[in-house]
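Visitor: coords please:
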Amino acid sequence: MEMSHLKNELTKLKEGEHRIIYTSPKGVGVTVKQTGKFSPHDFAVGLIEPNSEEFYPTHIRLLIDLYIKRISNPHAAHKLYLVFEKLFQGIDPEELLDEVNNLEFSMKFDEPIVNLCYSQLLMIEQDINYGPGSAKKSKLDPPREYLMRFIRWTADEKAEIDKIIFAAAGRRYPAPVRYSTPIT
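Guide: So this is what the prediction gives:
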């Protein structure tokens, strides 16, 4: 679903409501559950892998996965990063499936379409929790740029995963400003 439309739907989740938003071609369910933790419209993003219980991935899982994908297949990873730029602009992950479906990585946690689907939800969560009308306002416009800068940082061949994760997990500092520029 296109980002602005999905954002609107997610703000209407009722207390405790749980929903499967996407199901990947390999059967991985990408879910949301309204929590109201950081704002009245906050939600948790979940993954349900076939024959497994649901778990809640964080942006850290995403960043590590993208980093190991880049190491295992730099050419395919660059294509994936370009698709992330389209996702950031609001395009529906399902419309991007053909662009990532054949990308192969010898090392990975999740298939690329799953990365896109749960990243879209994490970006929407940032826009809701730190955007207009929220108690905590982001200095970035849109607030989802916070996550996107970290995604771009993992694309940098000179980047050290330790620094990326330390910054992202500890929230000690945001990704450097140079990563506000889209990948080309």
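
Visitor: State the helix or strand in which the residue nearest the centre of the chain lies.
Guide: What sits nearest the mean C-alpha location of the chain, by CA atoms, centre = their mean, is Ser119, with 1.6 Å. Following DSSP states H and E, one finds Ser119 within helix 112-130.

Visitor: can you check Val30 too?
Guide: Per DSSP H and E: strand 29-34 holds Val30.

Visitor: now the angle from that strand to helix 112-130?
Guide: Counting by axes from the mean of the first three to the mean of the last three CA atoms, to 10 degrees, strand 29-34 points 10 degrees away from the direction of helix 112-130.

Visitor: Please state the offset of strand 29-34 from the chain centre?
Guide: 13 Å (CA atoms, centre = their mean, to the nearest Å).

Visitor: Poorly predicted segments of the chain, please.
Guide: Within the chain, the ranges that satisfy pLDDT under 70 run 171-172.

Visitor: one step back: state the separation between the helix or strand following the strand holding Val30 and the centre of the chain it belongs to.
Guide: Next in sequence after strand 29-34, counting helices and strands by DSSP H and E, comes strand 43-48. In this view, strand 43-48 has its centroid 11 Å away from the chain centroid, taken as CA atoms, centre = their mean.
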